[in-house]
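>>> model the following, please.
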Amino acid sequence: MKGKRYTTEDKIRILREADRGERTIMAICQEANISEVTFHRWKKQFGHMEVNEARRLKELERENTELKKMLAEEMLKNRVLSYVCEKAVSPATRRAYAQETVKAGLCSQRQACRYLKLARSTFHYRGRPPTPAEERLKKRLLELSAEHPRYGYRRVAALLRREGWRVGKRHIQRLRRDAGLRVPPTKRKVVRRGVSTGLPTMATHRNHVWTWDFIADATVRGGALKMLTILDEYTWECHVLRAERALKAADVLHWLQKAVAEHGAPEYLRSDNGSEFIAKIVQRWLKENRVKTIYIEPGSPWQNGFVESFHGRFRDECLNREQLWTLTEARVVVGDFRQRYNQVRPHSGLGYESPAGFAADLSMPRSGRATPSLRGAWTRKAEKHKLKPMLGLTHPWSRKLSPVRVFFR
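Numbers count the residues shown, from 1 in each chain. This next block holds a predicted model:
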């Protein structure tokens with residue numbers, strides 16, 4: 001939780017309600033949808049304040065923010081000036097910048113020449129007027145450029161030489177640049193870079209189809225949090241839930257290798273077309289380990305419904321309830337949620353069992369008669385696979401439409 005849901009005044013009102021003692025802290029936290037850890041942090045930060053003091057603190061913070069913006073703008077101006085000194089390499093460009101600076105009254109000529117590293121003789125230089133031959137050349141250049149708008153300076157120079165003009169390509173390039181002529185580059189269509197090596201498939205057994213994706217959040221101080229999620233679509237186990245400031249392709253591959261070493265390799269891996277998932281290092285490793293990829297269509301997150309549903313539960317039950325101050329605290333909170341999700345949280349689609357319990361039932365030998373709860377779960381799975389060809393549900397996302405097993409968890 002980024003701390004923007006409740007204002008400072010709202011936090012103080014919640015703390016004063018707890019101080020009156022009419023209701024328990026647990027009841028107040030449940031009504032406000034916050035954890036007790038967040039409540040005690042609010043009490044440590046704002047427990048000694050009144051509402052008026054909180055308003056004054058808010059005003060001071062706003063003034064501090066404005067001062068920081070002003071300082072940032074001044075630093076940006078200095079960076080722009082240094083950037084101009086580095087990029088304006090030609091004397092003509094530096095002379096133009098110096099003349100604009102002096103004309104605006106920011107500094108004197110000596111200072112402008114010193115700041116922009118320009119000779120004073122260059123500052124006062126005045127070019128000679130063009131000759132009649134140069135005027136005719138420029139006029140003919142403009143005519144050819146208008147007649148052939150897609151020709152660059154090389155082709156225009158070739159046409160002029162063909163007509164008898166003694167010019168070089170650099171001369172024509174300089175004249176075209178002074179006249180503001182250029183050939184706009186052709187816009188290339190951005191093609192999809194991820195290549196699926198397997199057909200869209202619905203998971204039918206453990207380690208059949210895995211899915212992975214990212215979810216983003218931020219700490220209270222504004223630091224970015226990027227979390228990698230790896231799920232098994234059949235058992236709904238969360239194999240990886242890792243929080244970092246940034247995750248690159250090598251980091252993603254490292255956590256995938258750890259999950260494969262612990263749980264075995266999947267047959268298919270479903271994901272979007274993110275740069276981390278389609279990187280060459282990841283593609284090479286998946287090909288060597290015979291793991292087929294399933295990339296969803298761009299802009300179609302519903303085709304990766306399992307991980308999107310998990311992210312919804314994760315944000316509602318964890319991220320929106322916690323105030324994360326540091327990366328270390330985020331890793332602890334996220335790790336605890338992953339353990340509860342796998343070991344404790346009941347799922348309606350699994351017969352209200354936990355993913356770890358459901359996976360353990362799969363590894364048990366099926367001798368004798370199963371208990372009614374397990375028999376009900378296995379009957380629903382068997383009936384669903386029998387009904388699928390009868391109903392014509394061949395699309396991989398038809399799990400949502402199945403009348404036997406509900407997709408929502």
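>>> any idea which helix or strand carries Leu253?
Following DSSP states H and E, one finds Leu253 within helix 249-263.
>>> what does that helix rub up against?
Helix 249-263 is contacted from outside by 207, 210, 212, 228, 230, 232, 237, 239-240, 242, 244, 266, 275-277, 279, 281-282, 285, 289, using Cβ atoms under 8 Å, 6 or more residues apart in numbering. For every residue, glycine as well, the C-beta is placed using N, CA and C.
>>> which of these count as buried?
207, 210, 212, 228, 230, 232, 237, 239-240, 242, 244, 266, 276-277, 279, 282 (16 or more other Cβ atoms under 10 Å).
>>> my guess is Ile230 contacts Ile215. True?
No - contact status for Ile230 versus Ile215: not in contact, 12.0 Å apart, counting by Cβ atoms under 8 Å.
>>> just the buried ones among the contacts of helix 249-263 now: which is nearest Arg110?
Relative to Arg110, the closest of the buried ones among the contacts of helix 249-263 is Glu244; by Cβ to Cβ it sits at 52.1 Å.
>>> show me what that closest one is bridged to.
Beta bridges link Glu244 to Lys226 when assigned by DSSP bridges.
>>> and the residue nearest to Gly335 when sequence neighbours are not counted, what element?
Leaving out its chain neighbours, the residue that sits closest to Gly335 by Cβ to Cβ, 6 or more residues apart in numbering is Leu241, at 7.2 Å. Element membership of Leu241, judged by DSSP H and E, is strand 238-244.
>>> also compute the angle for that strand relative to helix 249-263, please.
Direction vectors for strand 238-244 and helix 249-263, defined by axes from the mean of the first three to the mean of the last three Cα atoms, to 10 degrees, enclose an angle of 150 degrees.
>>> may I have strand 238-244 exported as PDB, CA atoms only?
Taking C-alpha atoms only, strand 238-244 is exported to PDB below (Å, rounded to 0.1, in the frame of the first residue of the first chain):
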ATOM      1  CA  CYS A 238       2.800 -20.400  -6.300                       C
ATOM      2  CA  HIS A 239       6.400 -21.600  -6.900                       C
ATOM      3  CA  VAL A 240       8.000 -18.100  -6.900                       C
ATOM      4  CA  LEU A 241       6.900 -14.700  -5.500                       C
ATOM      5  CA  ARG A 242      10.100 -12.600  -5.400                       C
ATOM      6  CA  ALA A 243      10.200  -8.800  -4.800                       C
ATOM      7  CA  GLU A 244      13.100  -6.700  -6.200                       C
END
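>>> show me where the stretch 101-250 of the chain has its helices.
Taking DSSP state H, counting those that start in this stretch as the criterion, the stretch 101-250 of the chain contains helices spanning 109-115, 120-123, 132-147, 153-162, 169-178, 249-263.
>>> may I have stretch 258-269 as PDB, with CA atoms only?
Output in PDB follows, covering the C-alpha atoms of stretch 258-269 (Å, rounded to 0.1, in the frame of the first residue of the first chain):
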ATOM      1  CA  LYS A 258      15.400 -22.500  -8.900                       C
ATOM      2  CA  ALA A 259      11.700 -23.400  -9.300                       C
ATOM      3  CA  VAL A 260      12.500 -26.100 -11.800                       C
ATOM      4  CA  ALA A 261      15.200 -27.600  -9.500                       C
ATOM      5  CA  GLU A 262      12.600 -27.800  -6.700                       C
ATOM      6  CA  HIS A 263       9.400 -28.800  -8.500                       C
ATOM      7  CA  GLY A 264      10.500 -30.200 -11.800                       C
ATOM      8  CA  ALA A 265      10.400 -28.700 -15.300                       C
ATOM      9  CA  PRO A 266       7.000 -27.800 -16.900                       C
ATOM     10  CA  GLU A 267       6.000 -28.900 -20.400                       C
ATOM     11  CA  TYR A 268       4.600 -25.400 -21.300                       C
ATOM     12  CA  LEU A 269       5.300 -21.900 -20.000                       C
END
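>>> packing partners for the following helix or strand past the helix holding Leu253?
Downstream of helix 249-263, the next assigned helix or strand under DSSP H and E is strand 268-271. Here strand 268-271 touches strand 209-218, strand 292-295, going by 3 or more Cβ pairs under 8 Å, 6 or more residues apart in numbering; DSSP states H and E.
>>> sticking with Glu59, tell me its helix or strand.
helix 51-87.
>>> could you give the mean pLDDT of stretch 18-35?
The average pLDDT within stretch 18-35 is 86.
>>> what residues of it count as buried?
Ala18, Ile28, Cys29, Ala32, Ile34, Ser35.
>>> test my guess that the fourth one contacts Ile14.
Yes - when contacts are counted by Cβ under 8 Å, Ala32 is listed as touching Ile14 (5.8 Å).
>>> what touches both of the two?
Contacts common to Ala32 and Ile14, judged by Cβ under 8 Å, 6+ apart, are Tyr6.
>>> which of the buried residues of stretch 18-35 fall within helices?
Ala18, Ile28, Cys29, Ala32 (DSSP state H).
>>> what is the nearest of those to Gly349?
Nearest member of these to Gly349, counting by Cβ to Cβ, is Cys29, at 29.4 Å.
>>> check contacts around that closest one.
Ser35, Glu36, Thr38, Phe39 are the contacts of Cys29 under Cβ under 8 Å, 6+ apart.
>>> tell me how far it lies from Lys292.
46 Å (Cβ to Cβ, to the nearest Å).
>>> swap in Val183?
Taken as Cβ to Cβ, the span from Val183 to Lys292 is 44 Å.
>>> more neighbours: those two, which one.
Lys292 (17 against 14; other Cβ atoms under 10 Å).
>>> wouldn't the more buried one be in contact with Leu269 here?
Yes - the criterion here is Cβ under 8 Å, and Lys292 meets it with Leu269 at 7.2 Å.
>>> any common contacting residues for these two?
What both Lys292 and Leu269 touch, as defined by Cβ under 8 Å, 6+ apart, is the set Leu286.
>>> just to revisit the earlier point, could you identify the buried members of the contacts of Cys29?
Using 16+ other Cβ under 10 Å, the buried ones in the contacts of Cys29 are Ser35, Thr38, Phe39.
>>> from what I can see the first one touches Leu324, true?
Read it as Ser35. No - in this structure, Ser35 is not within contact of Leu324 by Cβ under 8 Å, at 11.2 Å.
>>> pick the one among the buried ones among the contacts of helix 249-263 closest to Gln339.
Distances from Gln339 to the buried ones among the contacts of helix 249-263, taken by Cβ to Cβ, are shortest for Glu237, at 11.6 Å.
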